[in-house]
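[1] next comes the sequence, and after it the predicted model I'd like to discuss.
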Amino acid sequence: MTDFMQAGEVRVAFERQGQGPALVLMHGAEASRQMFATLAGEYSLAFVPFLLDQVALKPELMQADGIHANAAGQPKILANLWPELKPLLVAPGKPAS
């Protein structure tokens, strides 16, 4: 079932599926960031504005294709993601906190 929400001037369509904490993956340009931040706030979602922050513009951290991080860039991606991801992880057999 498709739900809708208003994010500033933009109406956003989204679907809810499955059980457990929400995981929302979004892709967009800089102009989309405020819309995504609004959606994350509205639904209490973890939000990482740009996964490749401090990586994408450093050629030494990127593969030759200029799109994907290389092995040296991976720890920086983890540093961007981990503060939001860690609280969502639950050990098997343990209640979510």
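    Okay, I see it. Residues are numbered from 1 along each chain as shown.
[2] make it CA atoms for all contacts and neighbour counts henceforth
    Will do.
[3] mind listing what residue 6 touches?
    The contact partners of residue 6, by CA atoms under 8 Å, 6 or more residues apart in numbering, come to residue 12.
[4] switch to 10 Å and redo it
    By CA atoms under 10 Å, 6 or more residues apart in numbering, the residues touching residue 6 are 12-13, 35, 38-39, 42.
[5] just checking, what packs against the helix or strand bottoming out on mean pLDDT in the chain?
    Of all helical and strand segments in the chain, the minimum by mean pLDDT, DSSP states H and E falls on strand 10-15, at a mean of 76. Contacts defined by 3 or more CA pairs under 10 Å, 6 or more residues apart in numbering; DSSP states H and E place strand 10-15 against strand 2-7, helix 33-42.
[6] quick one: strands adjacent to that strand?
    Strand 10-15 pairs in its sheet with strand 2-7 (antiparallel), by DSSP bridges.
[7] let's see the partner strand as PDB, backbone CA atoms only.
    C-alpha atoms of strand 2-7 as PDB (Å, rounded to 0.1, in the frame of the first residue of the first chain):
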ATOM      1  CA  THR A   2       1.400   3.400  -0.900                       C
ATOM      2  CA  ASP A   3       1.300   6.200   1.700                       C
ATOM      3  CA  PHE A   4       2.000   9.900   1.100                       C
ATOM      4  CA  MET A   5       3.400  12.700   3.100                       C
ATOM      5  CA  GLN A   6       4.100  16.300   2.400                       C
ATOM      6  CA  ALA A   7       7.800  17.500   2.600                       C
END
